[in-house]
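Asks: Quick one: sequence plus predicted model below, questions after.
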Amino acid sequence: GTGVVTATPEQGDVEYLSPVTIGGQTINMDFDSGSSDLWVFNTELAAGSQAGHSNFNPETSTTFQLLQGASFEISYGDGSGAAGNVGTDTVNIGGATVTNQAVELATAVSSSFVQDTQSNGLVGLAFSKLNTIKPVQQKTFFDNAIATLPIPVFTADLRHAAVGAYEFGNIDSTKFNGSLSWTDVNATSGFWQFSSQQFAVGTGPTMNLAGGQAIADTGTTLMIADPSIVNAYYSQVQGAVNNETVGGVTFPCAAQLPDLAVDIGGNYMATVRGDDINFSPVDAAGTTCFGGLQAGTAGGLQIYGDIMFKSQFVAFNGGNNSIGMAPHQ
Ligand SMILES: O=C(CNCCc1c[nH]c2ccccc12)Nc1scc(-c2ccccc2)c1C(=O)NCc1ccccc1
């Protein structure tokens, strides 16, 4: 069957939380198309780490089974991470159900996750080759569910400061304008990766980024793009500066931000709304704002995170490894 769940933004759209039922226990988690581990806060964690969270209790689940000798350890580019043991249980996401899903029980989580008490773990939706479980790598929820879905797809409908949705096994065409533009994905790296070799700032000329590559990543808050894009963009924003102290580009909150169009696989130019690139104030008075578009390493993999998803409805097709995109309805 199909599954549909709400995607509720945390304050400031830092991440989006969706209800996941594991062994009959419903827990709010962050769906992450940029990684491939399903790990959860749980009763095995130290009490200090459990505080404030919904903690999965494997002992009260009648369907949980420990995966003897299995463990996981994952770290992310912001220095956060988690590690622990592994079991299997029945995981139900809005009706789409997998009976033997690998559920990773963190016994250690980094402080940024502990402090983020609205999020109780991640559901990895990138390709299973990135799963960190040892000694035997396990499959993602989507990989396990795909054969039972009417169509081998999940979609992300994320909104600025409003409730959106994730859907499995169905494409709801009332959620986007026009038709989806489809692009082949290169799954070699384990990400939903595509070429992204052109961009345009506001009504300016289309510019080239030879060899540009990007991933569609619901688990990363911002858009992390090539410095050439970021410099071209903020050269059009009065008062934009690279602010070492806060660790990225800031600008006056009153600045008029142009839209940014980025090429998706050579088939489609995805327009990211300028308003969404005004990410958050960095000072109490709200005079200086932090950019939702920040620079990665030159020539590196670009990460099109939630900032892009707020402008674009995205369908992930695991049947033919492609991505469909269209502006939100
Ligand atoms: O890991 C994910 C998706 N899961 C994020 C889970 C998560 C990690 N803190 C979270 C905090 C809240 C919610 C979810 C998460 N995406 C990818 S692909 C390549 C990189 C990368 C590799 C090396 C260097 C840079 C990026 C990342 C990355 O580290 N993004 C997070 C990030 C976050 C902030 C800044 C940069 C990158």
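Replies: Now that the structure is in, tell me what you want to look at. Numbers count the residues shown, from 1 in each chain.
Asks: Can you check what pLDDT the model gives the residue in the stretch 51-200 of the chain that the ligand sits nearest to?
Replies: Here the stretch 51-200 of the chain gets closest to the ligand at one residue, residue 77, 2.5 Å apart by C-beta to the nearest ligand atom. The C-beta positions use only the backbone N, C-alpha and C, and glycine is treated the same way. Residue 77 carries a pLDDT score of 95 in this model.
Asks: from now on call the first residue 30
Replies: I'll keep to 30 as the first residue from here, and by that count the last item is residue 106.
Asks: which residues sit in contact with it?
Replies: Contact analysis of residue 106 by C-beta atoms under 8 Å, 6 or more residues apart in numbering lists nothing.
Asks: A strand includes it, no?
Replies: No. Counting by DSSP: H, G, I helix; E, B strand; the rest coil, residue 106 is not part of a strand but coil.
Asks: May I see the buried residues of the one helix or strand residue 142 maps to?
Replies: Using DSSP states H and E, residue 142 sits in helix 140-144. Going by neighbour count (16 or more other C-beta atoms under 10 Å), the buried part of helix 140-144 is 142, 143.
Asks: what's the next secondary structure element after that helix?
Replies: strand 150-153.
Asks: Now that next one: buried residues?
Replies: Going by 16+ other C-beta under 10 Å, strand 150-153 has these buried residues: 150, 151, 152, 153.
Asks: How about the last one: what's its closest non-neighbour residue?
Replies: Just to be clear, that refers to residue 153. residue 65 (4.0 Å; C-beta to C-beta, 6 or more residues apart in numbering).
Asks: check contacts around the residue in the chain sticking out farthest from the centre.
Replies: Going by C-alpha atoms, centre = their mean, the residue of the chain most distant from its centre is residue 91, 30.7 Å out. Residues in contact with residue 91 (C-beta under 8 Å, 6+ apart) are 52, 53.
Asks: how about it, secondary structure?
Replies: Reduced to three states by three-state DSSP, residue 91 is coil.
Asks: Check what pLDDT it gets.
Replies: So residue 91 comes in at 98 (pLDDT).
Asks: Can you report how many residues neighbour the closest residue to the ligand within the stretch 230-358 of the chain?
Replies: Across the stretch 230-358 of the chain, the shortest distance to the ligand (C-beta to the nearest ligand atom) belongs to residue 248, at 3.1 Å. Number of residues near residue 248 (other C-beta atoms under 10 Å) recorded here: 21.
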